[in-house]
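Enquirer: Whatever this is, show me its structure:
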Amino acid sequence: MNPSLTVNELMDKQFLTFPSEMPVPEAVEILRTRKLFGACVVDQANKVLGILSEKACIRLYEDSWNGNVDRPLQEIKVTEIMYPEFKTVSKSLGVVQAAELFLKSEFRRLPVVESGRLVGQITRRDIVKAVRELG
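Expert: Okay, the predicted model is just below:
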């Protein structure tokens, strides 16, 4: 892999985000139909608030099945179950450094932020694709 590649060259610039007030069942249906494992949750200014993952959705549904949720799932917003702890990267970050971040964390995606706003995302899959293509 070309070590001088940057995140900007590999990141996805057109990607799914969820608005902060979206009900979880609606987000789950979108993840299912688009065959995605998660997406960023953003506010109206496109600032990243968290990451909604399949795992967080499964956890909520399991809690519901076990009687541990006190209201209809349609009333639960994505912000209530998203992971609020996440890392962001700059589009100028080297791909090797991004790969190292993925290796040191459980994150499957890293939001790419410029001036506080979401401009892209890079995933583990993007790194793998670069390794394969640029060997």
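Enquirer: residue contacts, the residue most central in space within the chain?
Expert: The geometric centre of the chain, computed from its C-alpha atoms, lies nearest to A39 (Cα atoms, centre = their mean), at 3.7 Å. Going by Cβ atoms under 8 Å, 6 or more residues apart in numbering, A39 touches F15, L16, T17, F18, A27, I30, L31, I51, L52. For every residue, glycine as well, the C-beta is placed using N, CA and C.
Enquirer: most surrounded residue in those?
Expert: In terms of neighbours by other Cβ atoms under 10 Å, these top out with L52 at 27 neighbours.
Enquirer: Which residues lie in contact with L31 in this structure?
Expert: So L31 contacts F37, G38, A39, L52, E54, C57 (Cβ under 8 Å, 6+ apart).
Enquirer: Now do the helix or strand harbouring it: distance to the chain's middle.
Expert: Per DSSP states H and E: L31 is located in helix 24-34. Centre-to-centre, helix 24-34 and its host chain are 14 Å apart (Cα atoms, centre = their mean, to the nearest Å).
Enquirer: quick one: S64 from F37, how far?
Expert: Taking Cβ to Cβ, to the nearest Å as the measure, S64 falls 21 Å from F37.
Enquirer: So between those two, which is more surrounded?
Expert: Using other Cβ under 10 Å, the more surrounded residue of S64 and F37 is S64, with 16 against 13.
Enquirer: Please point out which parts of the helix holding L31 sit buried.
Expert: Going by neighbour count (16 or more other Cβ atoms under 10 Å), the buried part of helix 24-34 is V24, P25, A27, V28, L31.
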